[in-house]
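> sequence and predicted model, in that order:
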Amino acid sequence: MLIDTHCHIADPAFDADRDAVIARALASDVQKMIVIGTDLESSQRAIALAEKYPFIFATVGLHPHDAKALNDSLLETFDQMADHPKVVGLGEMGFDLYYNHSTREEQRQAFIEQIRLAKKKQLPLVIHTRDAWQETFDLFKEEQVQEHAETVGAVLHCFTGNQETANLGLQFGCYISFSGIMTFKKASEVQEAATTVDLDKIVVETDAPYLAPQGFRGKRNEPAYVSAIVQKLSELRGMAVSDLATMTTKNAERLFQGLSK
């Protein structure tokens, strides 16, 4: 069994054939999927999809691109949505200093508020970090994220760092999530990190419809392709695919405890 811990199949990109996409995932032994919220509308769509299928779960949150949209009303709405029984995490939240669609300070404030909400709701953090490792880890220290990560959970989604940043994330208690990026020929630093991260801290994701793995480049990504990520990871680690699948599934269920409800 495989679990895609981060996908966006509630997005309009899948409106034309969503049921077929889900069927292909199940046929590829992807038996659980977590659909991620990035703003109010996508969080609502994620919950609606999770209500329709017993093997689909949701998160709610505000992507750093949209951090400027956060206000008291939206935060209160996320607070209420987080109580839904199919919501298993908060985010994706974090810093993205590559695009800067929201200012650094707007991103910082939205990140802080969502960390505090996750603590209040006792939900794992789903963290997006791009060109902002130092800022992310500094905020972890300020907001005392380590205790929450170790007792409730936190994951560095779509990991793009090197071995050093992976080790820092692990020191804060985070899980490391590997995506299709790990399969790219030029992703040597990510691949090196993937060989050294503690096996009990690895989860896998597609981030569909983005970042299709090697062999599917140029196509819309989908949860069925998570098997290609596990295949590459098994090659890097020198392990049987079945063993890696079992390990990452157990890790995902430990991180997102709501998957077992």
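Thanks, I have the structure now. Numbers count the residues shown, from 1 in each chain.
> my guess is residue 208 contacts residue 223. True?
Yes - assessed by CB atoms under 8 Å, residue 208 is found in contact with residue 223 at 5.8 Å. Glycine gets a C-beta too; all of them are placed from N, C-alpha and C.
> need the longest helix for the protein.
Secondary structure of the chain read by DSSP state H shows that its longest helix is helix 104-121.
> the following helix or strand past that one vs helix 104-121, what angle?
Using DSSP states H and E, the helix or strand that follows helix 104-121 in sequence is strand 125-130. Counting by axes from the mean of the first three to the mean of the last three CA atoms, to 10 degrees, strand 125-130 lies at 160 degrees to helix 104-121.
> packing partners for strand 125-130?
Judged by 3 or more CB pairs under 8 Å, 6 or more residues apart in numbering; DSSP states H and E, strand 125-130 is in contact with strand 87-96, helix 104-121, helix 145-151, strand 154-156.
> quick one: list the elements packing against the last one.
It refers to strand 154-156. strand 125-130, strand 175-178.
> which of the ones you listed sits closest to residue 261?
Among those, strand 125-130 comes nearest to residue 261, with 17.8 Å by CB to CB.
> which parts of the following helix or strand past the closest one are buried?
On the C-terminal side of strand 125-130, the nearest following helix or strand under DSSP H and E is helix 133-142. Burial within helix 133-142, assessed by neighbour count using 16 or more other CB atoms under 10 Å, is assigned to 133, 135, 136, 137, 139, 140.
> tell me where the model's unsure across the stretch 1-150 of the chain.
Scanning the stretch 1-150 of the chain for pLDDT under 70 picks out nothing.
> that older thread, redo the helices and strands packed on strand 154-156 as JSON lines? Include mean neighbour count and distance to residue 149.
As requested, these are exported to JSON lines (neighbours: other CB atoms under 10 Å; distance: least, CB to CB, whole Å):
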{"stretch": "strand 125-130", "mean neighbour count": "26", "distance to residue 149": "7"}
{"stretch": "strand 175-178", "mean neighbour count": "26", "distance to residue 149": "8"}
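> can you put these in a markdown table and add distance to residue 112?
What follows is the helices and strands packed on strand 154-156, written out as a markdown table (distance: least, CB to CB, whole Å):
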| stretch | distance to residue 112 |
| --- | --- |
| strand 125-130 | 12 |
| strand 175-178 | 21 |
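> which one of those lies nearest to residue 97?
Nearest to residue 97 among the helices and strands packed on strand 154-156 is strand 125-130 (6.8 Å), distances taken as CB to CB.
> could you check how far the residue lying closest to residue 112 once chain neighbours are set aside is from residue 158?
For residue 112, ignoring the flanking residues on the chain, the nearest one in space by CB to CB, 6 or more residues apart in numbering is residue 143 at 6.2 Å. As judged by CB to CB, to the nearest Å, residue 143 and residue 158 stand 21 Å apart.
> got it, and residue 65?
Residue 65 is 14 Å from residue 158, by CB to CB.
> of those two, which one has the most company?
Taking neighbours as other CB atoms under 10 Å, residue 65 and residue 158 compare with residue 158 leading, 23 against 16.
> which phi and psi does that one have?
phi 50, psi 60 (degrees, to the nearest 10).
> ok, back up a step: please tell me I have it right and the residue nearest to residue 112 contacts residue 115.
Yes - using CB under 8 Å, residue 143 is in contact with residue 115, at 4.9 Å.
> between the two, which has more neighbouring residues?
Neighbours were counted for residue 143 and for residue 115 using other CB under 10 Å; residue 115 has more, 24 against 15.
> my guess is the more buried one meets residue 94, correct?
No - counting by CB under 8 Å, residue 115 stays clear of residue 94, with 9.7 Å between them.
> re the thing from before, just so I know, which of the helices and strands packed on strand 154-156 lies nearest residue 1?
strand 175-178 (17.2 Å).
> quickly run through the sheet partners of that closest one, with directions.
Applying DSSP bridges to the sheet, strand 175-178 is found paired with strand 154-156 (parallel), strand 202-204 (parallel).
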